[in-house]
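Novice: quick one, structure for this:
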Amino acid sequence: MVSSDVQEQFATNGDEELRRLNAEIAAFQASRPSSWSFPIEVVREARRKGLGVFPGLSPDPDARAVDLPGEAGRMIPVRILHPADGNARGTYLHFHGGGWVFGEAVENDPRLRRLADATGLCVASVDYRLAPENPFPAGPDDCEAAALALVEGRLADLPTQFLAIGGESAGAHLSALTLLRLRDRHQMAPFHAANLVAGCFDLSMTPSVRNFGPERLILNTDDIGEFVRRFVPSEVDPRGADISPLYARLEGMPPALFSVGTRDLLLDDTLFMHARWLAAGNRADLRVQPDGCHVFETFASEAGTRSVQAMASFLNRQIAEVAASCPRVLARVAPD
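Specialist: Predicted coordinates for the structure are as follows:
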């Protein structure tokens, strides 16, 4: 059955805390040179140190890193978090954001720790190859390989009785591509839920991206163009269904939660993808946060806390649904 649950109302007065946060972010970024004026590795290192707009790294002390064998002997790093109570109910496969150029799994430890403990899911966050050193299809290939390894029981002995997939920004894009690749290349639909946060689903740019303009509120219009130029080879059509999932056939996708803020330049990507997900006969919830900037959950705010809680609630509902449909799974995944 097709269903849609819009979980956040457009409040007339908006969110004052997020408006203050947006003003601080915009002022900070306006006072700094564009990231594109520096070498890529300089920006990556500054990001690790918290010298940019995002908070610095706060690694989870209980996370562990594993290397997943890839093609030609290459290793794919994967960061693993287990629920603190040791009662694993399944696994959440996560892909980080960063425009396919920046970012790494460890950046998301605090948020992923909260999700792991709130859902009882182990988390496997993939450090896929980044552009421009490794343009499309390298990153999606790594994500596909990690998904296959998880499904086949070859990823750190992680539980597979319930499987979720998701990520933020470029990570949401890679999640959608991975689901499509599993369906089309492997005739598989192993994931029970998708958590898609502020994804870029049309690399040729939706109207909200094109019209956002020069203000850098995390990202601006030019930033998306710069990311796409580094990620997509010149001979590849950015509207191709193999790279822009908005243009793909979407039948057979799992129930999904789409989350975005109204001050996110990727707003249309989420609204359009949610509509197409439903039109293809899938189930989908939509959560739109008034005044939320791009991946506002990264920053401390009440709205960000509520958003992460909504993601956990969505995953818990899907776990309960799967468990109810299979008593033997229920016996394995029921919390103590």
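Novice: you'd agree L217 is up against V295?
Specialist: No. Counting by CB atoms under 8 Å, L217 sits too far from V295 to count as a contact (11.1 Å). Placement of C-beta: from N, CA and C, glycine included.
Novice: and these two? Which one has more around it.
Specialist: For L217 versus V295, neighbours defined as other CB atoms under 10 Å are more numerous around V295 (25 against 20).
Novice: in the protein, which spans are strands?
Specialist: 4-6, 64-69, 75-81, 90-95, 121-126, 163-168, 193-197, 256-261, 284-289 (DSSP state E).
Novice: make CSV from the ones you listed and add mean pLDDT, distance to A248 and mean neighbour count to it.
Specialist: Putting those into CSV (pLDDT from 0 to 100; distance: least, CB to CB, whole Å; neighbours: other CB atoms under 10 Å) gives the following:
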stretch, mean pLDDT, distance to A248, mean neighbour count
strand 4-6, 54, 19, 12
strand 64-69, 96, 26, 14
strand 75-81, 98, 24, 20
strand 90-95, 98, 17, 28
strand 121-126, 98, 21, 27
strand 163-168, 98, 16, 27
strand 193-197, 99, 14, 27
strand 256-261, 98, 14, 28
strand 284-289, 98, 15, 22
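Novice: centre-most residue in this structure?
Specialist: Centroid-nearest residue in the chain, with CA atoms, centre = their mean: G167, separated by 1.4 Å.
Novice: excluding residues flanking it in the chain, which one is nearest that residue?
Specialist: Closest residue to G167 apart from its sequence neighbours, by CB to CB, 6 or more residues apart in numbering: F95 at 3.7 Å.
Novice: surely that neighbour touches V126?
Specialist: Yes. Counting by CB under 8 Å, F95 sits close enough to V126 to count as a contact (5.6 Å).
Novice: ok, back up a step: ok, the residue nearest to G167 - contacts?
Specialist: Neighbour list for F95: 125-126, 128, 143, 166-167, 170-172, 174-175, 178 [criterion: CB atoms under 8 Å, 6 or more residues apart in numbering].
Novice: make JSON lines out of these and add distance to V151.
Specialist: Supplementary listing: the contacts of F95 in JSON lines, determined by distance: CB to CB, whole Å:
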{"residue": "S125", "distance to V151": "17"}
{"residue": "V126", "distance to V151": "14"}
{"residue": "Y128", "distance to V151": "17"}
{"residue": "C143", "distance to V151": "13"}
{"residue": "G166", "distance to V151": "15"}
{"residue": "G167", "distance to V151": "17"}
{"residue": "A170", "distance to V151": "22"}
{"residue": "G171", "distance to V151": "19"}
{"residue": "A172", "distance to V151": "20"}
{"residue": "L174", "distance to V151": "16"}
{"residue": "S175", "distance to V151": "14"}
{"residue": "T178", "distance to V151": "11"}
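Novice: closest one of these to R32?
Specialist: Checking the contacts of F95 against R32 with CB to CB, the nearest one is A170 at 21.6 Å.
Novice: can you pull the contacts of the closest one?
Specialist: The contact partners of A170, by CB under 8 Å, 6+ apart, come to 95-100, 103, 199-200, 227.
Novice: so which of those residues are in helices?
Specialist: Among those, DSSP state H puts F227 in helices.
Novice: I'd say L121 and D85 touch.
Specialist: No. Look at L121 against D85 with CB under 8 Å: they stay out of range, at 11.9 Å.
Novice: just give the nearest non-adjacent residue to W36, would you?
Specialist: W36's closest residue in space is E226 (CB to CB, 6+ apart), at 5.5 Å.
Novice: which one, of the strands of the chain, ends up nearest to S31?
Specialist: Among the strands of the chain, the nearest to S31 by CB to CB is strand 256-261 (22.7 Å).
Novice: pretty sure V295 contacts S169?
Specialist: Yes. Using CB under 8 Å, V295 makes contact with S169 at a distance of 5.8 Å.
Novice: who touches both of the two?
Specialist: With CB under 8 Å, 6+ apart, V295 and S169 have common neighbours 97, 197-198.
Novice: any idea how far the closest residue to L155 other than its chain neighbours is from W100?
Specialist: Distances taken as CB to CB, 6+ apart put A149 closest to L155, at 4.4 Å, once the chain neighbours are dropped. Distance of A149 to W100, given as CB to CB, to the nearest Å: 21 Å.
Novice: neighbour count winner among the two?
Specialist: With neighbours defined as other CB under 10 Å, A149 and W100 compare such that W100 has more, 29 against 21.
Novice: ok so, going back, and which of the contacts of A170 is nearest to A63?
Specialist: H96 (13.4 Å).
Novice: please report how far the spatially closest residue to the closest one that is not a sequence neighbour lies from A248.
Specialist: Leaving out its chain neighbours, the residue that sits closest to H96 by CB to CB, 6+ apart is G103, at 4.6 Å. G103 sits 24 Å away from A248 when distances are taken as CB to CB.
Novice: which one's more surrounded, the two?
Specialist: With neighbours defined as other CB under 10 Å, G103 and A248 compare such that G103 has more, 24 against 21.
Novice: quick one, what contacts that one?
Specialist: The contact partners of G103, by CB under 8 Å, 6+ apart, come to 47, 96-97, 130, 170-171.
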